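[1] I would like the atomic coordinates for the input below:
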Amino acid sequence: MPYSIRKVPNKRCYRVTNRKSKQIMAKCTSKDKAKKQVRLLLGIENNRTFAKKVRARRITQRKMKSI
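    Purely as a prediction, here's the structure:
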């Protein structure tokens with residue numbers, strides 16, 4: 001599992017990071033949302049058809065906002 005969930009010091013929130021690249025995926029989120037995001041990131045990384053669906057949906061949402 002290349003993603004880690006760590007508690008932010010002195011706050012009631014969590015941070016999601018990539019262990020290999022040290023990239024921060026979420027800065028301050030609840031523990032439930034952090035777990036969901038890790039599942040989403042792993043799904044995108046490991047399942048090509050799911051990744052295509054996610055990317056296609058993001059593109060159509062951007063087009064709808066510009067209209």
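[2] Now Lys11. Its backbone dihedrals?
    phi -140, psi 160 (degrees, to the nearest 10).
[3] residue contacts, it?
    Listed by C-beta atoms under 8 Å, 6 or more residues apart in numbering, the contact partners of Lys11 are Cys28. Heads up, the C-betas are built off the backbone N, CA and C, glycines and all.
[4] any idea how far it is from Thr29?
    Look at Lys11 and Thr29: by C-beta to C-beta, to the nearest Å, they are 11 Å apart.
[5] and if you look at Val38?
    Note on Val38: its distance to Thr29, by C-beta to C-beta, is 11 Å.
[6] quick one, helices of this structure?
    For the chain, the helices defined by DSSP state H occupy 31-46, 48-66.
[7] winner for burial among those?
    Mean neighbours per residue, mean count of other C-beta atoms under 10 Å, is largest over the helices of the chain for helix 31-46, with a mean of 14.
[8] returning to that earlier point: pull up the overlap in contacts between Val38 and Thr29.
    Val16.
[9] which stretch in the helices of the chain has the least confidence?
    Lowest mean pLDDT of the helices of the chain: helix 48-66, a mean of 85.
[10] Show residues contacting that helix.
    Leu40, Gly43, Ile44, Glu45.
[11] tell me which of those residues is nearest to Ile5?
    Nearest to Ile5, judged by C-beta to C-beta, of the contacts of helix 48-66 is Leu40 at 13.0 Å.
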